[in-house]
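A.B. asks: Next comes the sequence, and after it the predicted model I'd like to discuss.
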Amino acid sequence: MLTFILRRIVSGVVLVFVISTVAYFLLYLGGGDIARRILGQSATPETVAEKTHALGLDRPLIVQYGDWLAHALRGDFGASWFTGEPVATAITSRLAVTLSIVIGATLISAVVAVVLGVLAATRRGWIDRVVQVISILGFAVPGFLIALGLVLIFAINLGWFAPTGYVPIETSFSGWIGTVTLPIVALSIGGIAAIAQQVRGSVIDALRQDYVRTLRSRGLSSGRVIYKHVLRNAGGPALAVLAVQFAGLLGGAVIVEQIFAIPGIGQVSVSATSQGDIPLVMGLVLATAALVVIINLLIDLLQGFLNPKVRLS
Amino acid sequence: MIEPVVAVPTPADLARASRVSLFRRLLKNPTGIIALAFLVLIALSAIFASLLAPHDPDLPDINAILTNSGPGHLLGTDSAGRDVLSRLLFAGRFSLAGALLALVIAAVIGVTGGLIAGYYGKWFDSVSSWLAGMIMALPGIVVLLAARAVLGPSMWLSMAIFGVLMSPAFFRLVYASVTAVRNELYVDAARVSGLSDARIIGKHILTVVRAPAIIQAAIIGGIAIAIQAGLEFLGLGDTTIPTWGSMLNDGFTNIYSNPALILWPSLTIGLTCIALTLLANAMRDELERSGSVRKRKKKFLGQTVSIEREPVIVHPEVVDEERSFGEELLRVSDLAVGYDQPDGSVKVVVNDVSLVVRRGEVHGLIGESGSGKTQTAWSVLRLLPEGGRIVGGSIVFEGTDLAGASEKQMTRIRGKKIAYIPQEPMSNLDASFTIGSQLVEPMRVCLGLSKKDATARALELLAKVGIPNPTRTFAAYPHEVSGGMAQRVLIAGAISCEPDLLIADEPTTALDVTVQAEVLDLLRELQRELHMGVILVTHNFGVVADLCDQVSVMRGGRIVETGPVRSIFADPQHEYTRALFDAILEDGEARGDLVTSPPAAVGRHGALS
């Protein structure tokens, strides 16, 4: 088990390193005349050259990269070119907001999807058909359209929730709930669709296994066998889908935050990219890659916990 | 080496046949035809936008800003006074072309990479698989935003990059299909016969991946349209061209002044994405259906055909001094088991089966695969596979008719009164739980034992069934023990609640010959000690001779001969019984068709054996 965890951690670190390296070279090679972009067209060539020197952009790229890496390893990811705010603080302060929404959406998707998937697989009939239709629609309709629909119905027409804005959880719990509910629901629907479909399929598979009959022949009720044995065995494939969904939810959060005017990393991403604030973009790429790697690691550990064979291999 | 190739229909042929019919079938599938028609309509309206559009899509009319639909502007105007309908039509060109670009790039990279990695393997395989994993781990929209920071706001560039990001979807699909096909016999044969790799890939491999790739393309097309609209909606697109996403953006900023404005692009994007997904689903359904039709036909040939009723040959009871039996435990009368078919009919696989088991008596059910003996056994437990049910007769156990008992009653009877030993030891243990927990759980439920008592009893039982180190096996997972050990564990589980009746379904078939004898000895000992009634399902007369008191010979879902083992051994009367005897004399296993006379069209299908 220990070597399994260690191997996963090492491969995760390597992945983050490779992604950051590739991203660095692509961003800085493709960036063109960065100082000119920051200073605008009216700046004189002298001030541009000065700015280039001040940013250290006149050094060879490999040296710049080495410098960035050395600082990054100490937790210093540079500062935004436009606001001067350190990248690390700019991202961490907003990451908490995004994570509260994304994790909320992940948990809700997982729970609702498991319930729907199990119902569809065990009851079949009309429940199964309803779940199928929900899955197809939830998968097909883009998340931001769902978010727009939710805003129109629940915020603008019914007035149940604030259409935009964000109240931190420390300020007011009910205020927080009021502002994050719609974004979380909007994000969850796609995840529910994908995961429910997977849960349904793997529960149907697991129900056909011989051991289900044998366990029932020992006097265990079918409900008990489903919730203890079938779900655990169906859990592996469902978790794999959840891992993929998490990356999707993180991407979806970018757009949903924009719709609900929530100050998360989605907003930073949009403003940083439209300004060409490369240190901030670099930090964002790194943060998302690290986050995805960490979540995948957690899900792998959970897989190992569910399935003893994974643990040993 | 070459001859067999002629005889073997390759999946490539099948794929070709199914592809032609796939399109034709799609036209008969209502969902498929509606989705396809809608997509064709959208595509045509984009292509002929310049003919259809009533206005110039970019021409602002300052006198008509944010108007509702009216005679001049069918769908109203946007915040710059441009005609919404005209913009919608022209935007279709850019939105669809962008999605198509992403799709083509994803398909070219993914399919080529998948073919090379799957067919040649080696270093390219590991590198590209790793790359695919890495790309899939990244949230696409973040990468697109980063790329935009560097490359500027070009919709075409964004879509090209998105194509690269989506290529793993094609890569994985093609890779999986190719590795599955690569080592097939017909591909080997083609290689041996000197076909070049390019021809093998083109002829045999591409045809296999074509249908799934088309389905994947529909899905990815939908995602590309959604992502592109999302980017434009964020205001991160190219403002010089009309797209559905930018129209959505305009609608959203003016959501309070004219809520209708957001409706049209939303509907267009949403319906296009839904149509693409439904199309993919319809194609998948049709592909699966054509696959399952073929399978079903095959199954039909191999199914148990209920033979015409013929009188059961009953041998008279003989008094056996050595063995004494108790009261009657189980009386099965005229049992019939059927499976619901998709067309609403019921396929009967067991008919008119009657048998009696007394306490302490071992009743053998013998017959070849598909003769209905396992179906009979499962009916007594009321654990028939999905779709199967008892369609006639009664199963009276200790005064209760199990055929009509509620699930709740059955749960109380199973384990405690009637227990079951399965055929295949490994698949009958849940690989996710330790052996110990699978023994303890039922005992706690059935016997109401505490965890500690149940554990102690489980260890005792493991020792009793001859497991050398019970503590170690208790803590082990199923994949850590041998098949023989696993079967002993299952026997321990079956007797753990001291049942009155034990149903053993070919308990030794899956084991090595040396282990078989040990397990049979164990069964005999336990049966005598606990004085259980046993139904022993087997295809082997040797086992019957070894263990049984009574035997019923089954064929085609019916009992053809029944009676005490000794008299049947002494004087087998039915030709089928004699054929089974001949099979042991030849030291062969009594599988397959023994008697080829009319009613014996019997195959070996797991579900029915």
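C.D. replies: It's in.

A.B. asks: OK, now which residue of chain A is nearest to chain B?
C.D. replies: A:G219 (2.7 Å; CB to the nearest CB). All C-beta atoms are positioned from the backbone trio N, CA, C, and that covers glycine.

A.B. asks: May I have the phi/psi pair for that residue?
C.D. replies: Reported as degrees, to the nearest 10, the phi and psi values for A:G219 are phi 100, psi 10.

A.B. asks: Please apply the same query to B:D401.
C.D. replies: When quoted as degrees, to the nearest 10, the phi and psi of B:D401 stand at phi -90, psi 110.

A.B. asks: So the spatially closest residue to it that is not a sequence neighbour, which state does it fall into?
C.D. replies: In space, B:D401 comes closest to B:S394 once its chain neighbours are excluded; the distance is 4.9 Å by CB to CB, 6 or more residues apart in numbering or on different chains. What DSSP: H, G, I helix; E, B strand; the rest coil gives for B:S394 is strand.

A.B. asks: Now do the contacts for the closest residue to chain A within chain B.
C.D. replies: Nearest residue of chain B to chain A: B:G415, at 2.7 Å (CB to the nearest CB). Applying CB atoms under 8 Å, 6 or more residues apart in numbering or on different chains, one finds that B:G415 lies in contact with A:S217, A:R218, A:G219, A:L220, B:P442, B:V445, B:C446, B:S496, B:C497, B:P499.

A.B. asks: Could you tell me how many residues sit around residue 202?
C.D. replies: Since no chain was named, I'll use chain A. When neighbours are defined as other CB atoms under 10 Å in any protein chain shown, A:S202 has 22 of them.

A.B. asks: The intended chain is chain B.
C.D. replies: Residues lying near B:G202 (other CB under 10 Å) number 13.

A.B. asks: Look at it and give its secondary structure.
C.D. replies: With three-state DSSP as the criterion, B:G202 reads helix.

A.B. asks: Likewise for B:G364?
C.D. replies: Taking three-state DSSP, the label given to B:G364 is strand.

A.B. asks: for it, what are its contacts?
C.D. replies: Listed by CB under 8 Å, 6+ apart, the contact partners of B:G364 are B:L536, B:V537, B:T538, B:V543, B:V544, B:L547, B:C548, B:Q550, B:V551, B:S552, B:V565.

A.B. asks: ok, back up a step: would CSV of the contacts of B:G415 with pLDDT and neighbour count be doable?
C.D. replies: Output for the contacts of B:G415, formatted as CSV (pLDDT from 0 to 100; neighbours: other CB atoms under 10 Å in any protein chain shown):
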residue, pLDDT, neighbour count
A:S217, 90, 25
A:R218, 89, 25
A:G219, 86, 26
A:L220, 89, 22
B:P442, 90, 27
B:V445, 87, 19
B:C446, 86, 23
B:S496, 89, 25
B:C497, 87, 20
B:P499, 90, 25
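
A.B. asks: Tell me which of those residues fall in helices.
C.D. replies: A:S217, B:P442, B:V445, B:C446 (DSSP state H).

A.B. asks: And for residue 107, the neighbour number?
C.D. replies: Using chain A. 12.

A.B. asks: Oops, wrong one, chain B.
C.D. replies: A total of 21 residues lie near B:A107 under the criterion other CB under 10 Å.

A.B. asks: where's it, which helix or strand?
C.D. replies: Following DSSP states H and E, one finds B:A107 within helix B:84-120.

A.B. asks: what are the ranges of the helices in chain A?
C.D. replies: Applying DSSP H to chain A gives helices spanning A:2-30, A:34-39, A:45-54, A:61-73, A:87-123, A:125-140, A:143-150, A:173-207, A:210-217, A:222-225, A:231-260, A:265-275, A:278-306, A:308-312.

A.B. asks: quick one on the thing from earlier: greatest separation within the ones in helices among the contacts of B:G415: which pair is it?
C.D. replies: Maximum pairwise distance in the ones in helices among the contacts of B:G415, criterion CB to CB, is 12.6 Å, between A:S217 and B:V445.

A.B. asks: OK, contacts around the residue nearest in space to the middle of chain A?
C.D. replies: With distances taken as CA atoms, centre = their mean, the residue of chain A nearest its centroid is A:L250 (2.8 Å). When contacts are counted by CB under 8 Å, 6+ apart, A:L250 touches A:T98, A:V102, A:T288, A:L291, A:V292, B:P139, B:V142.

A.B. asks: Please produce a PyMOL select command covering the buried subset of the residues you listed.
C.D. replies: With 16 or more other CB atoms under 10 Å in any protein chain shown as the burial test, the buried ones among the contacts of A:L250 are selected in PyMOL as follows:
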select buried, (chain A and resi 98+102+288+291+292) or (chain B and resi 139+142)
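
A.B. asks: who in the stretch 101-250 of chain B is up against chain A?
C.D. replies: Neighbours of chain A within the stretch 101-250 of chain B, by CB under 8 Å from any CB of the partner chain: B:134, B:136-143, B:145-151, B:222, B:226, B:229-230, B:233-236, B:248.

A.B. asks: Mind giving me the PyMOL select for those, buried ones only?
C.D. replies: A single PyMOL command selects the buried members of these (16+ other CB under 10 Å):
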select buried, chain B and resi 134+136+137+138+139+140+141+142+143+145+146+147+148+149+150+151+222+226+229+230+233+234+235+236+248
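
A.B. asks: and the gap between the closest residue to A:S109 other than its chain neighbours and A:G149?
C.D. replies: Residue nearest to A:S109 in three dimensions, not counting chain neighbours: A:G191, with 3.2 Å by CB to CB, 6+ apart. Plainly put, A:G191 is 17 Å away from A:G149 if you go by CB to CB, to the nearest Å.
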